[in-house]
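**Student:** Pasting a predicted model and its sequence here:
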Amino acid sequence: MAIESTRLRGHKRSVLCCAASPTTPHLISSSGEDGSVYWFDLRCKENASVMDLGKEPVASVCFSPGNDDILYAAYANTVTCLDMRMAPSSGQLHKYTFNTDDINQITVNLKSSFLAAADDSGEVKIIDIRQHCLYKTLRSVHTNICSSVQFHPWRPWEVISGGLDSKIVAWDFSRGRQQMVIDVAVPTTENAENTSSTNQICNPPFVHALAVLEENMDGKNNQVVAAARGDGTMEIIDLRFESHVTGAKSKQSSRARKGSQSKSSKNTNVNENIASGEITKGMRIQLHAGVGGHSAAASCVAFSRFGEAGKFIISGSNDASVKLWNWTSQIGSGSSSEGPLSFSINNKRKVNWLCTTSRDSENLIVCDTSKVVKVYTIL
């Protein structure tokens with residue numbers, strides 16, 4: 001069940017992105033088409049800090065892990081570091097203009113040492129934010145816009161990117177090389193029937209957004225990524241997946257995990273892999289229209305930080321709906337007969353972005369084509 005708790009106001013045009021502090025769950029940031037960045041405290045919603053970055057839309061915003069006063073924001077081909085304690089006047093600490101095209105998403109690693117910026121040229125820039133220099137450029141794999149990027153929470157030198165070429169790429173950014181490439185446009189044997197039986201084939205499965213299962217979310221060390229696709233499907237993929245791989249793998253990616261009994265075959269059947277109820281190498285789960293999924297392109301996705309962290313994924317779409325999925329119910333032979341969709345929210349406007357907090361209330365933040373940030377309570 002979801003209840004809209006409140007609305008955060010201030011933006012003068014559509015809100016494009018939102019982020020929740022990973023360590024202080026009542027702190028929220030948002031960015032919009034009006035060129036501004038807001039910093040909200042859910043305990044006193046009327047007292048928001050704001051910084052105006054100019055006329056360009058601010059496409060992405062994120063917190064610096066370990067320092068809730070520091071935000072990073074991206075507009076055009078520029079990344080700027082903001083100290084919100086100095087808002088609204090002179091809070092821009094650093095600017096980085098290493099990207100050659102418009103930036104779609106930025107993210108900072110857990111140690112606040114590197115920032116990744118994905119842009120329209122298909123490249124990912126890795127910026128050393130301690131030395132304030134370009135560390136690596138990841139290129140020549142995505143053949144279209146790179147729309148999303150995330151640091152791998154379990155491998156400190158790896159990032160995962162997704163693009164409008166329908167590819168998910170795992171990179172070793174210390175060497176600037178891809179580890180694996182997964183083409184989600186190529187249906188798996190297990191999902192081919194579901195794909196052909198829906199009406200989503202008219203929309204290409206572009207990867208619009210990625211979310212990773214964070215380090216503190218699951219005691220089984222599950223290493224999965226969720227992808228919001230242009231055909232409305234949410235796909236959950238094991239990060240150790242090897243079936244649709246191109247290019248060389250590093251020694252790290254080819255080694256079996258500690259405690260494994262044997263290496264998985266490159267063409268391991270998914271049903272065999274997950275029959276035990278454990279996430280294992282090769283798992284892919286698709287949440288599509290046939291199980292209550294979106295009827296238009298999925299624009300964003302996040303793992304739940306509330307409740308049993310990581311148990312749910314939340315997706316937003318151009319169909320103006322927000323859906324909460326119990327994706328873990330689809331693992332193993334004991335999959336729930338009730339289906340993975342827990343409930344759907346009619347947001348009434350196309351969803352641009354969303355994020356979650358670890359609070360018991362006001363734990364889902366949604367920004368859409370309106371001027372307000374909507375705060376929901378998931379019960």
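**Tutor:** It's in. Numbers count the residues shown, from 1 in each chain.
**Student:** How about Tyr72: which residues does it bridge to?
**Tutor:** The partner list for Tyr72 in beta bridges (DSSP bridges) reads Cys62, Cys81.
**Student:** list the contacts for it?
**Tutor:** Val61, Cys62, Phe63, Ser64, Val79, Thr80, Cys81, Leu82, Ile106, Val108, Leu115, Ile129 (C-beta atoms under 8 Å, 6 or more residues apart in numbering). Every C-beta, even on glycine, is put in place using the N, C-alpha and C of the backbone.
**Student:** Kindly reformat the residues you listed as JSON lines and extend each row with neighbour count.
**Tutor:** Listed next are the contacts of Tyr72 as JSON lines, based on neighbours: other C-beta atoms under 10 Å:
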{"residue": "Val61", "neighbour count": "25"}
{"residue": "Cys62", "neighbour count": "23"}
{"residue": "Phe63", "neighbour count": "24"}
{"residue": "Ser64", "neighbour count": "18"}
{"residue": "Val79", "neighbour count": "24"}
{"residue": "Thr80", "neighbour count": "21"}
{"residue": "Cys81", "neighbour count": "19"}
{"residue": "Leu82", "neighbour count": "24"}
{"residue": "Ile106", "neighbour count": "25"}
{"residue": "Val108", "neighbour count": "22"}
{"residue": "Leu115", "neighbour count": "24"}
{"residue": "Ile129", "neighbour count": "21"}
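**Student:** any idea which of the residues you listed is closest to Thr357?
**Tutor:** Set against Thr357, the nearest of the contacts of Tyr72 by C-beta to C-beta is Phe63 (11.8 Å).
**Student:** Now for that closest one: which residues touch it?
**Tutor:** For Phe63, the contacting residues are Ala19, Ala20, Ser21, Pro22, Leu27, Ser29, Ile70, Leu71, Tyr72, Val108, by C-beta under 8 Å, 6+ apart.
**Student:** so the third one makes contact with Trp39?
**Tutor:** Looking back up the chat, that one is Ser21. No - judged on C-beta atoms under 8 Å, Ser21 makes no contact with Trp39 at a distance of 9.8 Å.
**Student:** between the two, who's got more neighbours?
**Tutor:** Neighbour count, other C-beta atoms under 10 Å: between Ser21 and Trp39, Trp39 has more, with 24 against 21.
**Student:** wait, what's in contact with that one?
**Tutor:** Contacts for Trp39 (C-beta under 8 Å, 6+ apart) come out as Leu27, Ile28, Ser29, Ala48, Ser49, Val50, Met51, Leu71, Met84, Ala87.
**Student:** List buried residues within the residues you listed.
**Tutor:** The neighbour count (16 or more other C-beta atoms under 10 Å) marks Leu27, Ile28, Ser29, Ala48, Ser49, Met51, Leu71, Met84, Ala87 as buried among the contacts of Trp39.
**Student:** Setting the sequence-adjacent residues aside, check what's closest to Gly292.
**Tutor:** In space, and not counting its chain neighbours, Gly292 is closest to Leu341: 3.8 Å by C-beta to C-beta, 6 or more residues apart in numbering.
**Student:** how close does that neighbour get to Tyr135?
**Tutor:** In this view, Leu341 and Tyr135 are 41 Å apart by C-beta to C-beta, to the nearest Å.
**Student:** what about these two, which has more around it?
**Tutor:** Tyr135 (18 against 15).
**Student:** how close does that one get to Tyr96?
**Tutor:** Noted for Tyr135: a distance of 11 Å to Tyr96, by C-beta to C-beta.
**Student:** shared neighbours, those two?
**Tutor:** Common neighbours of Tyr135 and Tyr96 (criterion: C-beta under 8 Å, 6+ apart): Ile127.
**Student:** so where do the strands sit in the stretch 201-350 of the chain?
**Tutor:** Here the stretch 201-350 of the chain has its strands, by DSSP state E, counting those that start in this stretch, at 207-212, 224-229, 234-238, 284-287, 298-303, 313-317, 321-325, 341-346.
**Student:** Can you name every helix or strand that the last one contacts?
**Tutor:** Spelled out, it's strand 341-346. Helices and strands touching strand 341-346, as assessed by 3 or more C-beta pairs under 8 Å, 6 or more residues apart in numbering; DSSP states H and E, comprise strand 321-325.
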